[in-house]
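In: Structure for the following, please:
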Amino acid sequence: DASDALEARRGEEALAAELAWAGYLGLQAAVVPLRLASPTANANTARVVTTTLLGLSNTHIWARLPLVAPGAGAAEQADPDAPWRTWDAFRSLCEAHATLAVCLDLEADLPDERTLSRWLGEPLRAVVLHTSAFVTNKKGFPVLSKPHQALLTTLFQHGVQVVLSGRSAFAAAPAAEARGGADGEAEAAEAAEAAEAAHEMQLYWDYLVHLYRRMPSLSEGEALSASYRDYLQQPLQPLMDNLESQTYETFERDSIKYTLYERAVLQALEARAAAAAGGGDAAGPGPAVIFVVGAGRGPLVSASLRAATTAGLAVHVYAVEKNRSALVMVRARARLEGWGERVTLLEGDMRSVEGRGLPLADILVSELLGSFGDNELSPECLDGAERLLKPGTGVSIPQEYTSYLAPVTAARLHQDAKARGELAALETPYVVNLHRHALLAPPQPCFRFAHPSVGAAAGAATDNTRTAALSFERNPEAGGAVMHGLAGYFEARLFGDVLCSIRPETHSPDMFSWFPIYFPLRNPVSLPPGRPVNLSMWRCCSTAKIWYEWAVTSPSVSPIHNCGGRSYWVGL
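Out: Numbers count the residues shown, from 1 in each chain. The predicted structure follows:
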């Protein structure tokens, strides 16, 4: 990229030769430093890199940039966003190739935390940690500041490699010398081993090992879900497909979720008993009637019975399940746990199970929530099942739930969806354990549903279509970013004050039954610093299916994704 044509030509040839040599050796990566003169100052380098990437099979290319622009913080302050803008331009010139990544130089100065977070959603493979970032503690050893420690821990957790670089401020320990005139091969080997151990970077290395080993261990939920990090999964089709036993077993490992449901049923039973004691008509004669709709292999039935035992109240549970194979497991569980006559099993669709002379329910318990709250047809299923509730006094668990959306940078997820090579792949929402990502603004509420629904209470059909127009403000100090899609969450109030949530701000501790949902964009959107993000989301319904449509309306306008449910829908 030199201004002199001859020098530029020689540079092209040298870079191409170096990259070819790296590919021949089968190296993990070749590191290419970039200039910060302007975002497009590396156009010729990008051309050579892109040409090389088309011919490489195993070796990746890492674009090397400083995390903080030289001069930032000085009187003549440099553009603090220059490294990001340079990377974004270079990545665009290289068509965001899947084997192109970024490597950052980490020195004494750190940018704002919001600026740092956006790099976690990029293909950041390594940081070059300079010895200038270290300070000397009271004992004379190199250590890092608290902010540096926190950053390194985050990078370790995200699988980013750390490369030590620079000159050591500590003299290497001298090689072992022969003692008392001893000689021979044994003494020479000992001296060589000691000399090897006396590397000038050893103290820095030991400190990084200490930081790595000090990381908190994964919780049970994190350990179980670690293999699903950034792995795209299509959401379930709950009415069209029956779940396999292994899927049920995975869900049932989440004891936190069933503890929350047990607390909710307990509160509902206590509220019913309190209403009866106060002269209300909530509690009729006989035991409370609980319907568990979508009972699966029976964990919610067990939770309901435990809640009744805790409350000291009599209940009768009706377990409704359409999956005949799952009902076999429920019957086995009933014998094992001694449910006896307290539980009646019903095979069939919860939407049509009425009309069998069944009593009306005091409490309707369901586990139909999806990653986006309503994306597994909880509203449609409960609209039918709510006919089983006692009018006016019957309660649903959950009582209400709200979906949330946030713009997200997640380069890997977008690359994986794009690699599937068809439009449908970029118009399909995916359930994914988000890991290497960064939210570009706090999540905002999108769609809300409450049960019993207003339509059910009035005896009318319920309209479950929804429209949301959201505007996300971004702090100018967070710098520019690229939005690769939308991250979706839900927050549900089961009953009373019992919250079941995967929304980041209110996430139920250690619960892992649900991962977030990712709505990709066909083309990533560049976000200038401080510019708000505006988007629209629609929940569309027909007699046969429901689907989502989404579009960005600012700072640029995207096509409407999944128009008419052409790429993705959930069958009724």
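
In: For stretch 121-134, measure first residue to last.
Out: One end of stretch 121-134 sits 26 Å from the other (Cα to Cα, to the nearest Å).

In: go on, stretch 305-317?
Out: 8 Å.

In: Quick check: buried residues in that stretch?
Out: Neighbour counts using 16 or more other Cβ atoms under 10 Å place 305, 306, 307, 308, 311, 313, 315, 316, 317 of stretch 305-317 among the buried residues. In this view, the C-beta of every residue, glycine as well, is placed from N, C-alpha and C.

In: which residue packs closest to residue 308, ignoring adjacent ones?
Out: Nearest residue to residue 308, sequence neighbours excluded (Cβ to Cβ, 6 or more residues apart in numbering): residue 315, at 4.2 Å.

In: now swap in residue 523 and tell me
Out: residue 558 (6.8 Å).

In: Give me the subset of the buried residues of stretch 305-317 lying in strands.
Out: 315, 316, 317 (DSSP state E).

In: Any idea which residue is closest to the centre of this protein?
Out: Residue closest to the average C-alpha location in the chain (Cα atoms, centre = their mean): residue 434, at 1.9 Å.

In: For residue 81, see how far away the residue nearest to it when sequence neighbours are not counted is.
Out: Closest residue in space to residue 434, ignoring its immediate chain neighbours: residue 516 at 5.2 Å, by Cβ to Cβ, 6+ apart. Residue 516 is 28 Å from residue 81, where distance means Cβ to Cβ, to the nearest Å.

In: which of these two has more neighbours?
Out: Ranked by neighbour count (other Cβ atoms under 10 Å), residue 516 and residue 81 place residue 516 first, with 24 against 21.

In: Let me see the contact set for the more buried one.
Out: Applying Cβ atoms under 8 Å, 6 or more residues apart in numbering to residue 516 gives the contacts 371, 431, 432, 433, 434, 487, 488, 489, 502.

In: so who does the residue nearest to residue 523 touch?
Out: 521, 522, 523, 525, 551, 552.

In: same check, this time on residue 364
Out: Taking Cβ under 8 Å, 6+ apart, one finds 290-291, 293, 382, 385-386, 388-389, 394-397, 451 in contact with residue 364.

In: coming back round to it: would JSON lines of the ones in strands among the buried residues of stretch 305-317 with distance to residue 128 and pLDDT be doable?
Out: Compiled in JSON lines, those are given as follows (distance: Cβ to Cβ, whole Å; pLDDT from 0 to 100):
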{"residue": "315", "distance to residue 128": "63", "pLDDT": "96"}
{"residue": "316", "distance to residue 128": "67", "pLDDT": "96"}
{"residue": "317", "distance to residue 128": "61", "pLDDT": "96"}
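
In: wait, doesn't residue 102 sit right on residue 60?
Out: No: Residue 102 lies out of contact with residue 60 (Cβ atoms under 8 Å); the separation is 10.8 Å.

In: want to throw the contacts of residue 558 into CSV with secondary structure and neighbour count?
Out: Listed next are the contacts of residue 558 as CSV, based on DSSP: H, G, I helix; E, B strand; the rest coil; neighbours: other Cβ atoms under 10 Å:
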residue, secondary structure, neighbour count
521, strand, 24
522, strand, 15
523, strand, 14
525, strand, 19
551, strand, 17
552, strand, 23
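
In: Name the residues of the longest helix anywhere in the chain that come out as buried.
Out: Ranked by residue count under DSSP state H, the longest helix found in the chain is helix 255-277. Neighbour-count burial for helix 255-277, counted by 16+ other Cβ under 10 Å, picks out 256-258, 260-273.
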